[in-house]
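**Student:** sequence and predicted model, in that order:
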Amino acid sequence: MTGKAIELFLVNGSADSLTTAELSNWNGKAIKIPRTEITECDRDDIKGVGVYFLICQEDDGTDSVYIGEAENVLDRLTQHLRDYQSGKEKYYWNTVLKEAQIASMEEFIDNVKILINTLGYKVLVLVPKATDDTVYLYCKGSGASAKGFVSTGGFQRDYEFNAPSAASAVVLGHTSNGKVDWKTEDGVKLKDLNIYEIGDE
């Protein structure tokens, strides 16, 4: 794995607004646009061919994504907005990412993963899998219990959390110290295992 240089440009001076991301030595570009800015956007770089990702948060708090391709991405996004307003589309997305490509598909997918994840969205990334030497941890409350393990992205089971306290709070239904509430089958606390190195909280 070699290092990558990424140039981020906050077009309107805010990370919550239009943002572009470009990898050095690659001619693709990722563009993040909030839903509320689509109708006012008149940039040439989103009027061409590209793949786009509509990012949405479901009612249960999980993230989902719709992936599409268009000859003119801006026109297609405008159509998505019209379809939602007319009731033809139920999917309410809040952010769109557009990616143009003139390269091999394999390189394209790898670079898309890098750029979109840099912009804060876990898209096209496999959920980590347990291995033979995985240390499982358990969190038990009065009405729920869960089994999970530490991954490179944070703390994981079917859903990957970025901290053990976030995971245990969901299981227990209240504020929790995940380094104490997650334990091995033998009762050893996560904080005593020396396997958690990512900052918690």
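**Tutor:** Okay, I see it. Numbers count the residues shown, from 1 in each chain.

**Student:** from what I can see Thr175 touches Ala169, true?
**Tutor:** Yes. Here Thr175 reaches Ala169: they are 6.0 Å apart, a contact under Cβ atoms under 8 Å. (C-beta placed from N, C-alpha, C; glycine too.)

**Student:** between these two, which is the more surrounded one?
**Tutor:** Ala169 (18 against 8; other Cβ atoms under 10 Å).

**Student:** can you give me the pLDDT of the more buried one?
**Tutor:** With respect to pLDDT, Ala169 scores 80.

**Student:** hmm, Asn177 and it touching each other?
**Tutor:** No. Using Cβ under 8 Å, Ala169 makes no contact with Asn177, being 9.4 Å away.

**Student:** overlap in contacts, those two.
**Tutor:** The contact sets of Ala169 and Asn177 do not overlap (Cβ atoms under 8 Å, 6 or more residues apart in numbering).

**Student:** please pull out the lowest mean pLDDT helix or strand from this protein.
**Tutor:** strand 154-156 (a mean of 57; mean pLDDT, DSSP states H and E).

**Student:** just checking, Asn12 touches Leu18?
**Tutor:** Yes. With contact defined as Cβ under 8 Å, Asn12 counts as touching Leu18 (5.7 Å).

**Student:** of those two, which one has the most company?
**Tutor:** Between Asn12 and Leu18, counted using other Cβ under 10 Å, the more crowded position is Leu18 (19 against 10).

**Student:** against Lys191, how distant is the more buried one?
**Tutor:** 42 Å (Cβ to Cβ, to the nearest Å).

**Student:** what segments of the protein are strands?
**Tutor:** 6-10, 19-23, 29-34, 50-57, 63-70, 95-100, 137-140, 145-151, 154-156, 160-161 (DSSP state E).

**Student:** nice, that's everything, thank you.
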